[in-house]
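> pasting the sequence and the predicted model now:
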Amino acid sequence: MNLKKTLLVLVLIPLLSFSAHKYYLSLTQIKYKSEAKSLQIIINVFMDDIETALNKDYNIDLRLTSKKELKNNDVYFEKYLKEKLKFKVDDKLQEFNYIGKEYEGDLVLFYLEIENIEKVSKIEISNKILINHFPEQQNLIKSKVGNKHKSVLLSKEKTQATLTY
(Lines give C-alpha, C1' and ligand atoms only; values in the text may rest on other atoms or scores of the structure.)
Protein backbone atom coordinates (compact mmCIF):
# COMPACT_ATOMS: atom_id res chain seq x y z
CA MET A 1 0.00 0.00 0.00
CA ASN A 2 2.86 2.41 0.79
CA LEU A 3 4.34 1.79 -2.63
CA LYS A 4 1.06 2.81 -4.27
CA LYS A 5 0.89 6.01 -2.21
CA THR A 6 4.49 6.83 -3.03
CA LEU A 7 3.89 6.28 -6.75
CA LEU A 8 0.73 8.40 -6.61
CA VAL A 9 2.62 11.27 -4.97
CA LEU A 10 5.48 10.99 -7.47
CA VAL A 11 3.01 11.18 -10.36
CA LEU A 12 0.82 13.96 -8.90
CA ILE A 13 3.57 16.41 -7.96
CA PRO A 14 4.84 16.93 -11.51
CA LEU A 15 1.28 17.15 -12.83
CA LEU A 16 0.30 19.78 -10.28
CA SER A 17 3.36 21.86 -11.08
CA PHE A 18 1.99 22.32 -14.62
CA SER A 19 -1.39 23.59 -13.49
CA ALA A 20 -2.97 26.65 -15.10
CA HIS A 21 -0.84 29.74 -14.69
CA LYS A 22 -2.44 33.15 -14.26
CA TYR A 23 -1.11 35.86 -16.52
CA TYR A 24 -0.83 39.42 -15.26
CA LEU A 25 -1.08 41.83 -18.17
CA SER A 26 -2.60 45.22 -18.82
CA LEU A 27 -2.84 47.03 -22.14
CA THR A 28 -2.56 50.81 -22.46
CA GLN A 29 -3.45 52.21 -25.88
CA ILE A 30 -2.46 55.81 -26.59
CA LYS A 31 -3.65 57.60 -29.71
CA TYR A 32 -2.93 61.20 -30.66
CA LYS A 33 -5.93 62.92 -32.21
CA SER A 34 -4.55 66.00 -33.96
CA GLU A 35 -8.01 67.44 -34.76
CA ALA A 36 -8.91 67.31 -31.04
CA LYS A 37 -5.37 68.21 -29.93
CA SER A 38 -5.50 65.44 -27.38
CA LEU A 39 -4.05 62.10 -26.40
CA GLN A 40 -6.81 59.55 -25.96
CA ILE A 41 -5.93 56.65 -23.72
CA ILE A 42 -7.68 53.34 -23.12
CA ILE A 43 -6.40 50.97 -20.44
CA ASN A 44 -7.54 47.34 -20.21
CA VAL A 45 -6.97 45.50 -16.92
CA PHE A 46 -8.35 42.27 -15.56
CA MET A 47 -11.26 43.01 -13.26
CA ASP A 48 -10.24 40.66 -10.46
CA ASP A 49 -6.70 42.06 -10.38
CA ILE A 50 -7.69 45.73 -10.19
CA GLU A 51 -10.35 44.87 -7.62
CA THR A 52 -7.78 43.08 -5.45
CA ALA A 53 -5.33 45.99 -5.71
CA LEU A 54 -7.86 48.69 -4.84
CA ASN A 55 -9.44 46.69 -2.03
CA LYS A 56 -6.02 46.23 -0.43
CA ASP A 57 -4.69 49.75 -1.10
CA TYR A 58 -7.78 51.63 0.07
CA ASN A 59 -9.26 49.13 2.53
CA ILE A 60 -12.54 48.93 0.60
CA ASP A 61 -14.76 46.21 -0.85
CA LEU A 62 -15.49 47.11 -4.48
CA ARG A 63 -17.50 43.99 -5.42
CA LEU A 64 -17.39 44.89 -9.11
CA THR A 65 -20.37 43.91 -11.26
CA SER A 66 -22.39 42.79 -8.24
CA LYS A 67 -25.49 44.30 -6.66
CA LYS A 68 -23.27 45.41 -3.75
CA GLU A 69 -20.76 47.25 -5.97
CA LEU A 70 -19.56 50.51 -4.42
CA LYS A 71 -21.48 53.36 -6.02
CA ASN A 72 -18.54 55.79 -5.90
CA ASN A 73 -15.91 53.39 -7.25
CA ASP A 74 -14.79 55.86 -9.94
CA VAL A 75 -13.26 57.96 -7.15
CA TYR A 76 -10.99 55.05 -6.25
CA PHE A 77 -10.21 54.14 -9.85
CA GLU A 78 -9.21 57.72 -10.67
CA LYS A 79 -7.09 58.04 -7.52
CA TYR A 80 -5.32 54.75 -8.25
CA LEU A 81 -4.60 55.61 -11.88
CA LYS A 82 -3.28 59.07 -10.94
CA GLU A 83 -0.90 57.40 -8.47
CA LYS A 84 0.30 54.68 -10.84
CA LEU A 85 0.41 56.44 -14.24
CA LYS A 86 2.50 59.42 -15.31
CA PHE A 87 2.78 60.94 -18.77
CA LYS A 88 5.26 63.45 -20.14
CA VAL A 89 4.70 64.81 -23.62
CA ASP A 90 7.74 66.50 -25.14
CA ASP A 91 9.38 66.77 -21.70
CA LYS A 92 6.34 68.37 -20.05
CA LEU A 93 4.49 66.46 -17.31
CA GLN A 94 0.82 66.19 -18.30
CA GLU A 95 -2.22 65.57 -16.13
CA PHE A 96 -4.87 63.32 -17.61
CA ASN A 97 -8.62 63.56 -17.25
CA TYR A 98 -10.37 60.45 -16.05
CA ILE A 99 -13.34 60.09 -18.42
CA GLY A 100 -14.75 56.87 -16.97
CA LYS A 101 -14.76 53.11 -17.19
CA GLU A 102 -16.78 50.24 -18.53
CA TYR A 103 -16.82 46.51 -17.97
CA GLU A 104 -16.29 44.13 -20.85
CA GLY A 105 -16.25 40.47 -19.92
CA ASP A 106 -13.57 40.02 -17.27
CA LEU A 107 -11.90 43.35 -18.15
CA VAL A 108 -12.26 46.90 -16.93
CA LEU A 109 -11.62 49.50 -19.63
CA PHE A 110 -10.54 52.92 -18.38
CA TYR A 111 -10.84 55.98 -20.60
CA LEU A 112 -8.43 58.89 -20.09
CA GLU A 113 -7.60 62.02 -22.06
CA ILE A 114 -4.79 64.55 -22.05
CA GLU A 115 -5.99 67.79 -23.61
CA ASN A 116 -4.30 70.79 -25.24
CA ILE A 117 -1.51 68.87 -26.97
CA GLU A 118 -0.44 70.77 -30.08
CA LYS A 119 2.01 68.14 -31.33
CA VAL A 120 3.76 65.02 -30.13
CA SER A 121 7.34 64.07 -30.82
CA LYS A 122 8.00 62.14 -27.61
CA ILE A 123 5.91 60.47 -24.90
CA GLU A 124 7.49 59.36 -21.65
CA ILE A 125 5.31 56.99 -19.66
CA SER A 126 5.58 55.55 -16.18
CA ASN A 127 3.16 52.70 -15.60
CA LYS A 128 3.10 50.95 -12.22
CA ILE A 129 -0.41 49.55 -12.50
CA LEU A 130 -0.76 46.39 -10.35
CA ILE A 131 3.03 46.03 -9.90
CA ASN A 132 2.87 46.22 -6.09
CA HIS A 133 0.39 43.36 -5.82
CA PHE A 134 1.48 41.13 -8.69
CA PRO A 135 5.28 40.96 -9.19
CA GLU A 136 4.77 39.14 -12.53
CA GLN A 137 2.62 42.02 -13.83
CA GLN A 138 3.46 43.28 -17.30
CA ASN A 139 2.03 46.49 -18.76
CA LEU A 140 1.97 46.65 -22.54
CA ILE A 141 1.94 50.15 -24.04
CA LYS A 142 0.83 50.62 -27.65
CA SER A 143 0.73 54.05 -29.23
CA LYS A 144 -0.13 55.76 -32.48
CA VAL A 145 0.92 59.28 -33.38
CA GLY A 146 0.15 60.19 -36.98
CA ASN A 147 1.04 57.08 -38.95
CA LYS A 148 3.75 55.95 -36.51
CA HIS A 149 3.11 53.03 -34.18
CA LYS A 150 5.28 52.33 -31.14
CA SER A 151 5.03 49.63 -28.45
CA VAL A 152 6.87 48.77 -25.28
CA LEU A 153 6.42 46.15 -22.56
CA LEU A 154 6.90 47.36 -19.00
CA SER A 155 7.37 45.25 -15.86
CA LYS A 156 8.44 45.46 -12.23
CA GLU A 157 12.05 45.81 -13.38
CA LYS A 158 11.22 48.45 -15.99
CA THR A 159 8.28 50.74 -15.18
CA GLN A 160 9.22 53.63 -17.50
CA ALA A 161 9.81 54.08 -21.20
CA THR A 162 10.18 56.80 -23.81
CA LEU A 163 8.46 56.56 -27.17
CA THR A 164 9.86 58.82 -29.89
CA TYR A 165 8.00 59.69 -33.10
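Arrived safely. Numbering: from 1, shown residues only.
> when you work out contacts or count neighbours from here on, use the C-alpha atoms and nothing else.
Will do.
> can you pull the contacts of the spatially most central residue of the chain?
Most central in the chain under C-alpha atoms, centre = their mean is residue 26, positioned 3.7 Å from the mean C-alpha point. When contacts are counted by C-alpha atoms under 8 Å, 6 or more residues apart in numbering, residue 26 touches 43-46, 129, 137-140.
> how does it look with 7 Å?
Counting by C-alpha atoms under 7 Å, 6 or more residues apart in numbering, residue 26 touches 44-45, 138-140.
> quick one: which of those residues sit in strands?
44-45, 138-140 (DSSP state E).
> burial of residue 112, as a residue count?
21 (other C-alpha atoms under 10 Å).
> and residue 77, which of the three is it?
At residue 77 the chain is in helix, as set by DSSP: H, G, I helix; E, B strand; the rest coil.
> tell me the two of the ones in strands among the contacts of residue 26 that are most distant?
44 and 138 (12.1 Å; C-alpha to C-alpha).
> check which element follows the least confident helix or strand in the chain by mean pLDDT along the chain.
Lowest by mean pLDDT, DSSP states H and E among the helices and strands of the chain is helix 2-17, with a mean of 50. Heading C-terminal from helix 2-17, the first helix or strand you meet, by DSSP states H and E, is strand 25-33.
> which residues in this structure form strands?
Counting by DSSP E, residue ranges of the strands within the chain are 25-33, 38-46, 85-89, 92-94, 97-104, 107-114, 122-127, 138-145, 148-155, 160-164.
> including mean pLDDT and distance to residue 79, could the ones you listed go into JSON lines?
Shown next, in JSON lines, are those (pLDDT from 0 to 100; distance: least, C-alpha to C-alpha, whole Å):
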{"stretch": "strand 25-33", "mean pLDDT": "97", "distance to residue 79": "17"}
{"stretch": "strand 38-46", "mean pLDDT": "98", "distance to residue 79": "15"}
{"stretch": "strand 85-89", "mean pLDDT": "98", "distance to residue 79": "10"}
{"stretch": "strand 92-94", "mean pLDDT": "98", "distance to residue 79": "16"}
{"stretch": "strand 97-104", "mean pLDDT": "97", "distance to residue 79": "9"}
{"stretch": "strand 107-114", "mean pLDDT": "98", "distance to residue 79": "12"}
{"stretch": "strand 122-127", "mean pLDDT": "98", "distance to residue 79": "14"}
{"stretch": "strand 138-145", "mean pLDDT": "98", "distance to residue 79": "19"}
{"stretch": "strand 148-155", "mean pLDDT": "97", "distance to residue 79": "21"}
{"stretch": "strand 160-164", "mean pLDDT": "98", "distance to residue 79": "20"}
